[in-house]
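> Prediction below, plus the sequence it came from.
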Amino acid sequence: MNFPDDFVDSYEGEIVINNSKGHTEIPIEFHLKKTSITNKYDYIIVYNKQPRNYTLIVIDKKKASIILMKIMESFYLLNFTTIYFIAFFKVQGNFLSSRLTFQKDLLNFEILFSATKNKIITGRNTSKKIPEVIGYPITTIQNALLI
């Protein structure tokens with residue numbers, strides 16, 4: 001599989017959002033489009049008919065280096081039998097983990113959300129030398145299977 005060229009397409013579905021407010025489903029679209037510039041692609045996520053436009057730039061396909069401009073700045077590509085497009089970033093005091101799994105005719109889109117203010121610290125102040133561990137509880141899960 002050759003990413004991103006083999007996956008230039010439009011994908012649609014419903015994204016399921018689970019959080020403390022309950023369960024919500026909204027329409028979502030994902031568009032990956034070539035541009036007139038080599039190694040530059042339009043990367044568009046449409047939540048509930050509201051587009052979020054990004055630019056994907058391939059730096060080195062052999063090293064799996066891809067940069068997604070704007071809010072989500074760096075993604076890493078792991079190339080096995082499935083293409084995983086993974087990012088972890090912090091925006092306005094919140095951690096977000098984003099994973100897009102590209103398969104032959106579908107795309108699994110997942111976002112995990114955690115507020116940094118909700119951190120949980122364990123392991124410190126114990127008689128055993130246990131290292132401090134800082135956890136960030138996941139408070140929102142968004143998942144969609146797009147075709």
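Structure's in. What do you need? Residues are numbered from 1 along each chain as shown.
> is the residue most central in space within the chain in a bridge, and if so with what?
For the chain, residue 98 is the residue whose C-alpha lies nearest the centre (CA atoms, centre = their mean; 2.0 Å). Beta-bridge partners for residue 98, by DSSP bridges, are residue 87, residue 111.
> So it versus residue 133, what's the distance?
Residue 98 sits 23 Å away from residue 133, going by CB to CB, to the nearest Å. All C-beta atoms are positioned from the backbone trio N, CA, C, and that covers glycine.
> now do residue 38
Distance of residue 38 to residue 133, computed by CB to CB: 45 Å.
> now do residue 12
Taking CB to CB, one finds residue 12 at 40 Å from residue 133.
> Show which residue of this structure lies farthest from the average position.
Farthest-from-centroid check, the chain (CA atoms, centre = their mean): residue 127, 39.5 Å.
> hang on, it in a strand?
No - counting by DSSP: H, G, I helix; E, B strand; the rest coil, residue 127 falls outside a strand, being coil.
> Do you know the pLDDT at it?
The confidence metric pLDDT takes the value 70 at residue 127.
> neighbouring contacts of stretch 104-112?
Residues outside stretch 104-112 that contact it (CB atoms under 8 Å, 6 or more residues apart in numbering): 7, 11, 13, 15, 28, 30, 96-101, 138, 140-147.
> Show me just the buried residues among these.
7, 11, 13, 15, 28, 30, 96, 98-100, 140, 142, 144-146 (16 or more other CB atoms under 10 Å).
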